[in-house]
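okay, sequence plus prediction incoming.
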Amino acid sequence: MNSVKQFFCTKEVKSIVALTALSTFILVSLGMPSKAEAASQCKNGVSAYSYSVTKSLARKQARIAWRAYVVRKHGTAYAVWRLGKDRSSSCKRKSRWSPVYRCTVIAKPCR
């Protein structure tokens, strides 16, 4: 029992524990991006639009078009709409008497 106690009290073990704690702290600090770094993981704004007879379907199709464009240009990591910054969407009729809606969505793709 005393040999076990002596082993854990040696300077070598204490320095190994200290180095492990320090390296863990450094890895955690490097692994978590700061707010500025997280903001830099966003690309320039992308817009897409779609036409449909219903407003909700036109908006949904516009988001699908936005995603498809972002996947082609930046990869799948950036193609999640809810992670995008400065998201906006607007829908209006194609013309005053038209039954067709045009919806446009705009967002900066982020990962």
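Structure's in. What do you need?

just give me the neighbour total for the closest residue to residue 86 other than its chain neighbours.
Nearest residue to residue 86, sequence neighbours excluded (C-beta to C-beta, 6 or more residues apart in numbering): residue 108, at 5.4 Å. C-betas here are computed from N, CA, C, even on glycine. By other C-beta atoms under 10 Å, 17 other residues sit near residue 108.

any idea how far residue 108 is from residue 100?
Computed with C-beta to C-beta, to the nearest Å, the distance linking residue 108 and residue 100 is 28 Å.

try residue 66
According to C-beta to C-beta, residue 66 stands 19 Å off from residue 100.

compare these two (neighbour count), which wins?
The neighbour comparison of residue 66 against residue 100 (other C-beta under 10 Å) goes to residue 66, with 25 against 12.

didn't that one look like it was pressed against residue 47?
Yes - using C-beta atoms under 8 Å, residue 66 is in contact with residue 47, at 7.5 Å.

quickly list what's touching both of those two.
Any residue near both residue 66 and residue 47 by C-beta atoms under 8 Å, 6 or more residues apart in numbering counts here, and that gives residue 105.

count the neighbours of residue 89 for me.
Neighbours of residue 89 under the rule other C-beta under 10 Å: 19.

what do you get for residue 111?
15.

who's in contact with it?
41, 77-78, 80, 83.

can you show me the helices along this protein?
Taking DSSP state H, the helices of the chain run over residues 2-8, 11-31, 35-40, 55-74.

weakest of those by average pLDDT?
Mean pLDDT values for the helices of the chain show the minimum at helix 11-31, a mean of 48.

right, and residue 63 touches residue 104 too?
No - using C-beta under 8 Å, residue 63 is not in contact with residue 104; the gap is 10.6 Å.

what sits in contact with each of the two?
By C-beta under 8 Å, 6+ apart, the residues touching both residue 63 and residue 104 are 48, 89.
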